[in-house]
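In: Show me the folded form of this:
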Amino acid sequence: MIQISNGSDKLELFKSQKLVGLKGQLDHFNSDKILPNTPTLQYGGFNLFQVEDKKKTDSILDQLRNQKEVELGTHVYFTKDSNKPIIPTGFLVIQFHPLTNQEEQQIVLEEFGLELKHTIASDTLSASCTKQSENPIKVCNKLEKLSMVLQAEPDFDIPMENYGEFPMDQLLKDQWQFENTGSISFTKRKMKAGADAKIKKAWEFMGNTGSPDIKIAIIDSGFDLNHPDFKGKITSPYDITTNSAKLITNSSLETHGTPCASIALANADASGLIGVAPNAQFMPIHKPSFSSHDLFEMFEHCIKNGADIISASWGTIDAQFPLNEYKKSIIRKAAKQGRNGKGAIILFAAGNEGAKRINNFGHLPEVITVGATDSRDKHPSYSNTGPELTICAPSDGDIPVLAAKASWDSSKSLNDYINGPSSYNQYKAFGGTSAATPLVAGVCALILSVNPDLYAHEVKEILQKTADKVGSQASYTKGHSHIYGYGRINALEAVKEAKRRAERSKKRQQKEIKQDHNSEVIDVKTPKIDLNPPVIEKGNWTIQLGVFSKKSGAEKFAEQLIEKHDIKINIDEVEGINRILHRVTSQRFQTKETAKIFMAALTKKGINGFIKKLK
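Out: Below you'll find the predicted structure:
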């Protein structure tokens, strides 16, 4: 058993005796050490393989690492209560003591053979392992033993749930979710008239079907970019697994992205179905991942390439895998800095587990979390519920919705159920919160078409304010229901409200908490003390002021402190992994309380440091 940091908790991992992860040129990879016909599953950039002898997993992995096609190899892990494979990606997130400086942080990276990838905050960064470093789990456990490191968390990926389709005995071509008249031509089942998203009525009010300037990013897998519904729409595609614009396609295991995208933005070309925002541009991003590194790359791509809306119909409700602060900061950055500072609109599906807990990504207030209603405005049992649920949108439960089908998708097409033209082979039945989420993404595109100056939080506010309170009214408290969120989406009222705000030109100001980093520390009760008390040799408390790889750097820093502030300084030699480090500290104190008083005095003088107990 191995224990690692995981957000604010600890996670106990158990090494798999059957699976290993390999990264490299593996298209035609073969070895007698792995079982033939192992399904090609990829997480965190690693392909998973089953070894031929589970008693020799460690030695087999070492042998596989030495094969020319293999760049990296990793063990695969599980938790006690889950059968989801956990794959270290080779990246890690390090939170330093807030008073460490950039040079000190860089020294730590060099000592452990790590390479800086991204600076998240002044005290938090992400790094990657190199050939000179140990595996990320071992590195993190060693880092957390350092006084300068508060937490070190290995990045890992797990399988994400696609919140998609359910088997149905009726498939329909009519897009009842746009306008529900109470019945449709291919079934005798009765629906509830008006139990729809009011899409057609929104188009009529607008006088068009939305702006071509809006970009919708769909993060998913299995995009058929040759489907006629996407012709002329694609912009800035990105594949996280290849780090390129060339998307991986034709995998029988990946078909989910095509129907999701079509619901939001399929072309209005009179040849098939139509999306909610048929004029919007389509930014396909492959593929879903729980890896912090992958999330950063995907959302950074969205920010840099001008995605207005980001839709994700996948996730996990597993309480063992909460979002750490890095993942939260990635999403918050897009919600704040996207759209040139107005914030990208971010949507996640609530999930289909039928649980009283929604997708972990939906817990963030910046996210619009989408559940489902059926064709009678009732709650389908699969749609997850919870206090973080934002809104619901029409999907299956009794009658499925129609969506595009990837050419390699082996599931049944519309023509397997009705005798229609050959073009019907390009469509399928779809549903779940996977279908509800891109529908809401399309409505967000209509809202921005009417009022492009809205901030992301205002779009969410409009959706909540204008939703219809469906279901039992007793389930709502202060306008919100754990079952329906703020209600079932109403596109007509949403675009009306957006237009009213545009006409009034009274946009709500984005609320920000501004912290004055230059404010002076005031402590009237702190007694005046001599900054040069007698050095107490027996004390083991001190103030750490800096760490340097070269003694000359430490001496120069110490001289500046002595010259400017006239305080006593110690320079200690500390043994690192591969070299001697030079630590600059204050004099010693017998108690932590005395060190705190001294630290307060140093802070008033503008000297940064932190209290440290010497061994």
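In: So what's the gap between stretch 56-67 and the chain middle?
Out: Distance of stretch 56-67 from the chain centroid (C-alpha atoms, centre = their mean, to the nearest Å) equals 32 Å.
In: tell me which residues in that stretch are buried?
Out: Thr57, Ile60, Leu61, Leu64 (16 or more other C-beta atoms under 10 Å). Any C-beta I mention is one placed from the backbone N, CA and C, and that applies to glycine too.
In: Please list all residues in contact with the first one.
Out: The neighbours of Thr57, taking C-beta atoms under 8 Å, 6 or more residues apart in numbering as the test, are Lys15, Ser16, Gln17, Lys18, Val20, Val51, His75.
In: now it: how far from Val149?
Out: Distance, Thr57 to Val149, using C-beta to C-beta, to the nearest Å: 30 Å.
In: Quick one: the helices in the stretch 151-300 of the chain, in order.
Out: Counting by DSSP state H, counting those that start in this stretch, the stretch 151-300 of the chain has helices at residues 199-206, 257-265, 292-304.
In: Out of these, which one sits most buried?
Out: Most buried of the helices of the stretch 151-300 of the chain by mean neighbour count (mean count of other C-beta atoms under 10 Å) is helix 257-265; its value is a mean of 31.
In: Mind giving me the packing neighbours of that one?
Out: strand 215-219, strand 281-286, strand 401-404, strand 427-430, helix 432-450 (3 or more C-beta pairs under 8 Å, 6 or more residues apart in numbering; DSSP states H and E).
In: what does the second one rub up against?
Out: Okay, so that is strand 281-286. With C-beta under 8 Å, 6+ apart as the test, strand 281-286 has contacts from 212-221, 223, 225, 230, 233-241, 247-248, 257, 261, 265, 298, 301-302, 305, 307.
In: Name the helix or strand for Ala494, please.
Out: Element membership for Ala494, per DSSP states H and E: helix 491-504.
In: Check the average confidence over whichever helix or strand comes after that helix, would you?
Out: Later in the chain than helix 491-504, the nearest helix or strand by DSSP H and E is strand 541-548. Per-residue pLDDT over strand 541-548 has a mean of 84.
In: per-residue confidence averaged over stretch 502-520?
Out: On average, stretch 502-520 scores 48.
In: Ok, stretch 253-269 next?
Out: Stretch 253-269 shows a mean pLDDT of 94 in the predicted model.
In: What's the end-to-end length of it?
Out: 29 Å (C-alpha to C-alpha, to the nearest Å).
In: Over to stretch 424-443?
Out: Stretch 424-443 has its terminal residues 25 Å apart, counting by C-alpha to C-alpha.
In: just to revisit the earlier point, of all the contacts of Thr57, which two lie farthest apart?
Out: The span of the contacts of Thr57, defined through C-beta to C-beta, is set by Lys15 and Val51 at 12.0 Å.
In: Could you check which of these two has the larger neighbour count?
Out: The residue with more neighbours, out of Lys15 and Val51, is Val51; 23 against 14, by other C-beta atoms under 10 Å.
In: Mind listing the residues bridging to that one?
Out: Listed beta-bridge partners, Val51: Ile34 (assigned using DSSP bridges).
In: The helix holding Ala494 relative to helix 199-206, how many degrees between them?
Out: Interaxial angle, helix 491-504 versus helix 199-206 (axes from the mean of the first three to the mean of the last three C-alpha atoms, to 10 degrees): 20 degrees.
In: Among the contacts of strand 281-286, name the buried ones.
Out: Neighbour counting by 16+ other C-beta under 10 Å classes 214-221, 223, 225, 230, 233-234, 236-241, 247-248, 257, 261, 265, 298, 301-302, 307 among the contacts of strand 281-286 as buried.
In: so what's Val276 closest to, chain neighbours aside?
Out: The shortest distance from Val276 to any non-neighbouring residue, by C-beta to C-beta, 6 or more residues apart in numbering, is to Gly442 (2.5 Å).
In: right, so of the helices of the stretch 151-300 of the chain, which gets closest to Gln544?
Out: Taking C-beta to C-beta, helix 292-304 is the member of those nearest to Gln544, at 28.6 Å.
In: And the next helix or strand past that closest one?
Out: Following helix 292-304 in sequence, per DSSP H and E, is strand 309-312.
In: Can I get that next one in CSV? Just the C-alpha atoms.
Out: What follows is strand 309-312 as a C-alpha-only set of coordinates in CSV (Å, rounded to 0.1, in the frame of the first residue of the first chain):
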residue,chain,number,x,y,z
ILE,A,309,-18.3,28.2,-24.4
ILE,A,310,-16.7,25.0,-23.1
SER,A,311,-19.0,21.9,-22.9
ALA,A,312,-18.0,18.7,-21.2
